[in-house]
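A.B. asks: take this sequence and fold it.
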Amino acid sequence: MTLSPRESVTAASDGGLQATRLLTAAHALALTLPAAAPVQLQQYLAALARWNEVHNLTSIDGESASLVGHVFDSLALVAPMARHARGQPLKVLDVGTGAGFPGTVLAIAQPHWTVTAIDSVGKKVAFIRQAAVEAGISNLRPHHARVEDFRADPFDVIVSRAFSSLKTFTEKTRHLKARDGVWLAQKGKRPEDEMAELPQQVEVFHVEPVKVPELQAERCLVWMRGRVG
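C.D. replies: Numbering: from 1, shown residues only. Model (predicted):
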């Protein structure tokens, strides 16, 4: 498809605005993104907008809305996870990734991490695979599978944005967590009821409030591990 001169100017302007918003959000989250990150994220969102018109991959429609509701929301995980990593590369599993969030954003923001993104819906994984190739995201590993049936070497961090309750999340992924690994669930308000339902062998060791740029909603990160003793 060839853009008219006016459409080309508008697209360039929109891209510049999104890049500015992205860098502003990263600064607010105390992140320094790789030089390639703005372009990769814009390419990924453009692909998502195209696919979403046909395949209904996400209820958040439009690149601007996706920038906040998917990208900024996912970026809020990066700095806390990097602090946990203490400079070491992480092997991350994103459970119920949907259209690739937060896994894609984690992979772009931290190229030295290996990120596996898993979902049970085939068309979503097909999209992630194609869009990751187009955007040059080489450390992202999409898989189409039910997580309880998935087998792989253990992961340092198993993360979820909107997969299930904490109890279901930990139960279905216990076989995939490294011995010293942790679970990280992004939630809205502090999920007291869900935390109370966790099995005895799982403990919450930190609940971290986060502020997502441009998003008028509460967010917190629930960190969990296997109980010692």
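A.B. asks: how far away is the spatially most central residue of the chain from L29?
C.D. replies: For the chain, the residue sitting closest to the mean C-alpha position, by CA atoms, centre = their mean, is P102 at 0.4 Å. For P102, the distance to L29 (CB to CB, to the nearest Å) stands at 13 Å. For the C-beta atoms, the positions are set from N, CA and C on the backbone; glycine is no exception.
A.B. asks: sorry, back to before: which residues touch the residue nearest to the centre of the chain?
C.D. replies: For P102, the contacting residues are 73-74, 77, 94, 159, 161, 186, by CB atoms under 8 Å, 6 or more residues apart in numbering.
A.B. asks: for this protein, what spans make up the helices?
C.D. replies: 5-28, 37-55, 63-66, 73-75, 78-85, 103-109, 122-135, 166-173, 192-196 (DSSP state H).
A.B. asks: list the contacts of the nearest residue to K167 once chain neighbours are set aside.
C.D. replies: Closest residue to K167 apart from its sequence neighbours, by CB to CB, 6 or more residues apart in numbering: E197 at 4.7 Å. Neighbouring residues of E197 by CB under 8 Å, 6+ apart: 165-167.
A.B. asks: and the buried ones among the residues you listed, selectable in PyMOL?
C.D. replies: To isolate the buried subset of these in PyMOL, counting by 16 or more other CB atoms under 10 Å, use the following:
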select buried, resi 165+166
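A.B. asks: just to revisit the earlier point, out of the helices of the chain, which is the most enclosed?
C.D. replies: Most buried of the helices of the chain, by mean neighbour count (mean count of other CB atoms under 10 Å): helix 103-109, with a mean of 27.
A.B. asks: list of residues touching that helix?
C.D. replies: Contacts of helix 103-109 (CB under 8 Å, 6+ apart): 31, 33-34, 36-37, 40-41, 44, 70-71, 74-75, 77-78, 81, 92, 94, 97, 113, 115-117, 128, 131-132, 135, 137, 139-140, 159.
A.B. asks: what residues are bridge-paired with P209?
C.D. replies: Counting by DSSP bridges, P209 is bridged to C220.
A.B. asks: quick one: the residue nearest to K167 from A178, how far?
C.D. replies: If you measure E197 against A178 using CB to CB, the figure is 24 Å.
A.B. asks: compute the number of surrounding residues for T97.
C.D. replies: T97 sits with 28 neighbouring residues when counted by other CB atoms under 10 Å.
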